[in-house]
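J.: Sharing a model that was predicted from the sequence below.
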Amino acid sequence: MGRLFGTDGARGIAITELTCETAMQIGRAAALVLTKTTNHKPKILIGKDTRISSDVLEAALVAGICSVGADAHILGVVPTPAVALLIKKYNADAGVMISASHNSVEFNGIKLFSNTGFKLNDDIENEIERLILDNPEEIKLREGSEIGRIVYENNAEWDYVRYIMKTIEGDLRNLKVAIDCANGSASSTAVKLFKGLGATCFFINNEPDGTNINEKCGSTHMEQLQKCVLENRCHIGLAFDGDADRCLAVDELGNIVDGDKMIAIFSHYMKRTGQLNHNAVVVTVMSNLGFFKFAKNNGVVVATAGVGDRYVLEEMVRGGYNLGGEQSGHIIFLNESTTGDGQLSAVKLLHILAHTTLNMSELAQIMQAYPQILVNVKIKPHQKGFWKSDMKIQETIKYYTQKLGDDGRILVRESGTEPLIRIMLEGKIQGQIEEYANKIAQVIVEGNC
């Protein structure tokens with residue numbers, strides 16, 4: 001794609017790769033591109049996660065936005081979907097979220113939203129990149145009374161929480177829930193939301209200090225949550241990532257319920273209650289083979305998209321679908337939100353659990369997952385794409401694909417947010433797919449030397 005933006009905004013190691021200067025220029029260029037058709041002083045919202053670098057990048061973005069004449073409205077620490085939601089509620093012209101999602105603390109990112117609350121398409125991001133990297137002389141600074149103002153939106157957390165509360169009927173007072181906030185954005189909203197709905201809650205990793213976001217916790221490290229569920233005999237556990245746009249669950253037995261199983265539960269419930277548009281759901285090519293079997297057996301139509309919630313969303317909009325998501329826990333309910341929302345997904349899952357006689361483990365049995373393994377291989381940034389033209393790598397992938405036959409599959413792709421090649425295998429025998437994945441990884445490592 002572009003030179004600044006990947007599949008989920010601009011991202012890199014904060015300050016040294018994603019620099020303050022870059023953040024300021026993104027603020028300037030985004031303000032100009034996203035508000036060029038307005039006939040009023042532009043209003044841009046800024047949210048952030050709990051990383052120590054988020055304050056620094058926020059200051060740079062605010063300076064950039066105001067320097068070209070737009071007003072910067074600061075939301076503080078909020079989930080990414082709160083920015084998307086509040087753009088419309090506050091009648092803003094655009095929104096910015098400072099977060100590197102599930103990545104570790106040294107990373108940070110900048111995600112941009114249009115006045116509709118949707119993430120930007122490639123063409124608009126390319127226009128912003130052009131201004132920054134190719135034609136910075138077109139960025140005109142303001143002076144005097146034309147400079148933008150800084151406004152603090154002190155009710156942002158509660159405005160978001162109240163909206164999510166209204167997406168379900170009734171309360172959750174009969175449920176005992178363990179919640180892992182990943183020391184991230186959910187730390188600012190989860191207590192208000194889930195206690196407000198009446199659930200008995202056990203919160204972990206909800207004391208961010210700027211450096212502990214995603215540190216052996218949250219949706220990428222579920223061990224603490226599994227332990228908390230079992231120790232407190234909870235009905236369910238919920239884990240968010242750093243910016244709370246994804247959610248994974250743990251059943252009452254301590255087993256992980258991933259995004260595929262959650263989407264299966266949601267689609268089955270929504271189809272049964274007449275809420276699933278076209279009886280269809282959008283998932284990515286990374287979704288487990290077991291999900292496709294579930295869908296076939298239950299009359300759910302499946303549309304597939306590329307990896308990344310923005311591509312899921314594009315397919316949803318194109319087909320008029322209202323449910324879609326990823327195995328990683330990005331789930332989009334398009335009737336209520338324009339982006340993945342971990343806490344919205346959590347509330348809807350709790351609502352289903354509260355209105356059934358089944359345990360969470362029994363709900364999750366609606367889909368039987370194939371054994372799956374994901375191996376990540378680090379690559380040098382300047383060697384992106386090399387593996388696609390490496391004959392030995394391609395022959396190795398083809399060889400093991402043929403060995404799996406109809407009983408499995410291999411998917412190799414580059415990460416859109418990190419310098420990694422991801423190797424995903426599915427099959428009936430765990431040991432076999434582990435062996436094949438490691439052999440493919442070794443060939444890629446040798447080719448990357």
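T.: Great, that's in hand.
J.: Next one: Gln343 relative to Gln224, how far apart?
T.: Gln343 is 19 Å from Gln224, where distance means Cβ to Cβ, to the nearest Å. For the C-beta atoms, the positions are set from N, CA and C on the backbone; glycine is no exception.
J.: Looking at the two, which one has more neighbours?
T.: Taking other Cβ atoms under 10 Å, Gln343 and Gln224 do not tie; Gln343 has more neighbours (27 against 17).
J.: Could you tell me the per-residue confidence at the more buried one?
T.: As predicted, Gln343 sits at a pLDDT of 98.
J.: Torsion angles phi and psi at the closest residue to Asn359 other than its chain neighbours?
T.: Using Cβ to Cβ, 6 or more residues apart in numbering and skipping residues adjacent in sequence, the residue nearest Asn359 is Glu252, 5.5 Å away. Per-residue torsions, Glu252: phi -70, psi -10 (degrees, to the nearest 10).
J.: Also the one 10 residues further on?
T.: Backbone torsions for Met262, taken as degrees, to the nearest 10, come to phi -60, psi -40.
J.: Contacts only, for it.
T.: If you count contacts by Cβ atoms under 8 Å, 6 or more residues apart in numbering, Met262 has them with 247-249, 325, 329, 331, 345, 349.
J.: So it versus Ser187, what's the distance?
T.: Met262 sits at a distance of 22 Å from Ser187 (criterion: Cβ to Cβ).
J.: State the number of residues packed around the residue nearest to Asn359.
T.: The tally of other residues near Glu252 (other Cβ under 10 Å) stands at 18.
J.: so it sits right up against Asn232, yeah?
T.: No: using Cβ atoms under 8 Å, Glu252 is not in contact with Asn232; the gap is 10.5 Å.
J.: Okay, the residue nearest to Asn359 and Glu362: tell me how far apart.
T.: For Glu252, the distance to Glu362 (Cβ to Cβ) stands at 9 Å.
J.: Check Gly324 too.
T.: In terms of Cβ to Cβ, Gly324 sits 25 Å off from Glu362.
J.: And those two? Which one has more around it.
T.: A side-by-side neighbour count of Gly324 and Glu362, using other Cβ under 10 Å, places Gly324 first with 29 against 12.
J.: Leaving out chain neighbours, which residue sits closest to that one?
T.: Using Cβ to Cβ, 6+ apart and skipping the chain neighbours, the partner closest in space to Gly324 is Val282 (3.3 Å).
J.: So that neighbour lies in a strand, does it not?
T.: Yes: using DSSP: H, G, I helix; E, B strand; the rest coil, the secondary structure at Val282 is a strand.
J.: shouldn't it be in contact with Leu323?
T.: Yes: at 7.4 Å, Val282 counts as touching Leu323 under the criterion of Cβ under 8 Å.
J.: Please list all residues in contact with Asp134.
T.: Contacts of Asp134 by Cβ under 8 Å, 6+ apart: none found.
J.: Can you report phi and psi for it?
T.: Here is the backbone geometry of Asp134 (degrees, to the nearest 10): phi -110, psi -40.
J.: Please report the distance of it from Leu61.
T.: 21 Å.
J.: Equivalent analysis for Gly259, please.
T.: Going from Gly259 to Leu61 by Cβ to Cβ gives 30 Å.
J.: just how off-centre is the helix or strand of the chain with the lowest mean pLDDT within its chain?
T.: Ranked by mean pLDDT, DSSP states H and E, the weakest helix or strand in the chain is strand 5-6, scoring a mean of 81. A distance of 14 Å separates the centroid of the chain from that of strand 5-6, by Cα atoms, centre = their mean, to the nearest Å.
J.: chain center to stretch 83-90, what's the gap?
T.: Here stretch 83-90 is found 17 Å from its chain centre; the criterion is Cα atoms, centre = their mean.
J.: can you give me the mean pLDDT across that stretch?
T.: When pLDDT is averaged over stretch 83-90, the result is 97.
J.: Going along the chain, name the helices of the stretch 201-350 of the chain.
T.: Ranges of helices within the stretch 201-350 of the chain are 223-231, 259-272, 289-297, 309-319, 342-354, based on DSSP state H, counting those that start in this stretch.
J.: Now the common contact residues for Glu252 and Asn232.
T.: By Cβ under 8 Å, 6+ apart, Glu252 and Asn232 have no common neighbours.
J.: rewinding a little: any chance of JSON lines for the contacts of Met262, columns distance to His268?
T.: Formatted as JSON lines, the contacts of Met262 follow (distance: Cβ to Cβ, whole Å):
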{"residue": "Cys247", "distance to His268": "18"}
{"residue": "Leu248", "distance to His268": "18"}
{"residue": "Ala249", "distance to His268": "15"}
{"residue": "Gly325", "distance to His268": "14"}
{"residue": "Gly329", "distance to His268": "18"}
{"residue": "Ile331", "distance to His268": "14"}
{"residue": "Ser345", "distance to His268": "15"}
{"residue": "Leu349", "distance to His268": "12"}
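J.: Name the member of the residues you listed with the most neighbours.
T.: Among the contacts of Met262, Cys247 has the most neighbours (other Cβ under 10 Å), with 32 neighbours.
J.: Who are the contact partners of the residue nearest to that one when sequence neighbours are not counted?
T.: In this structure, Cys247 finds its nearest non-sequential neighbour in Gly342, 3.6 Å apart by Cβ to Cβ, 6+ apart. The neighbours of Gly342, taking Cβ under 8 Å, 6+ apart as the test, are 79, 81, 186, 219, 240-241, 244-247, 329.
J.: out of the residues you listed, which are inside strands?
T.: Those of these mapping onto strands are 240, 247, per DSSP state E.
J.: Out of the contacts of Gly342, who's the most crowded?
T.: Ala186 (36 neighbours).
J.: For Cys201, list the residues it contacts.
T.: Cys201 makes contact with 177-179, 191, 194-195, according to Cβ under 8 Å, 6+ apart.
J.: tell me which of those residues is nearest to Pro42?
T.: Top of the list for closeness to Pro42, among those and by Cβ to Cβ, is Val191 at 33.8 Å.
J.: Any idea how many residues pack against the closest residue to the closest one other than its chain neighbours?
T.: Nearest non-adjacent residue to Val191, counting by Cβ to Cβ, 6+ apart: Phe203, 6.4 Å away. Per other Cβ under 10 Å, the neighbour tally for Phe203 reads 18.
J.: Many thanks, have a good one.
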